[in-house]
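**Q** heads up, no residue letters with this:
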């Protein structure tokens, strides 16, 4: 079975990433701060999820994933998005 000509039995996120377009989005400073705050919160949750897989202990709600490596990869992706946004914001200041 296929979804938009992508096989469902492979990691869909990997397939979609190869076909992603770039967008320009305009936000005021407050809204951009809110977006960054939300992304930082998500990154922190995934970092805690990786820690849970490392130690077996959780001091917060963790996300569902296969293992520590997957959680770390997702946390790193969030951090990458945050860094890109900050870099673009600084270039416009």
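**A** Done, it's in. In this text, all values refer to a predicted model and were calculated from it rather than measured experimentally.
**Q** residue 43 contacts residue 82, correct?
**A** Yes: contact criterion C-beta atoms under 8 Å: residue 43 and residue 82 qualify, at 6.7 Å. (Glycine included, C-beta is placed from N, CA and C.)
**Q** more neighbours: these two, which one.
**A** residue 43 (19 against 16; other C-beta atoms under 10 Å).
**Q** middle-most residue in the protein, spatially?
**A** residue 78 (3.3 Å; C-alpha atoms, centre = their mean).
**Q** make sure that residue is actually in contact with residue 50.
**A** No: using C-beta under 8 Å as the test, residue 78 is too far from residue 50 to be in contact (11.8 Å).
**Q** can you pull out the strands in this structure?
**A** Counting by DSSP state E, one finds strands in the chain at the ranges 2-3, 6-7.
**Q** poorly predicted segments of this protein, please.
**A** Along the chain, segments meeting pLDDT under 70 span 1-19.
**Q** would you map the helices across it?
**A** In the chain, the helices defined using DSSP state H lie at 12-18, 29-55, 68-92.
**Q** follow-up on the earlier one: distance of the residue nearest to the centre of the chain relative to residue 56?
**A** Noted for residue 78: a distance of 23 Å to residue 56, by C-beta to C-beta, to the nearest Å.
**Q** same thing with residue 66?
**A** As judged by C-beta to C-beta, residue 66 and residue 56 stand 15 Å apart.
**Q** any buried residues in stretch 29-36, and which?
**A** residue 32 (16 or more other C-beta atoms under 10 Å).
**Q** quick one: contacts of that stretch?
**A** Contact with stretch 29-36 is made by 27, 82, 85-86, 89, as judged by C-beta atoms under 8 Å, 6 or more residues apart in numbering.
**Q** tally of neighbours for the nearest residue to residue 63 once chain neighbours are set aside?
**A** Excluding its sequence neighbours, the residue lying closest to residue 63 (C-beta to C-beta, 6 or more residues apart in numbering) is residue 49, at 4.7 Å. Residue 49 has 24 neighbours, counted by other C-beta under 10 Å.
**Q** ok, residue 49 - contacts?
**A** Here residue 49 is in contact with 62-63, 65, 71, 74-75 (C-beta under 8 Å, 6+ apart).
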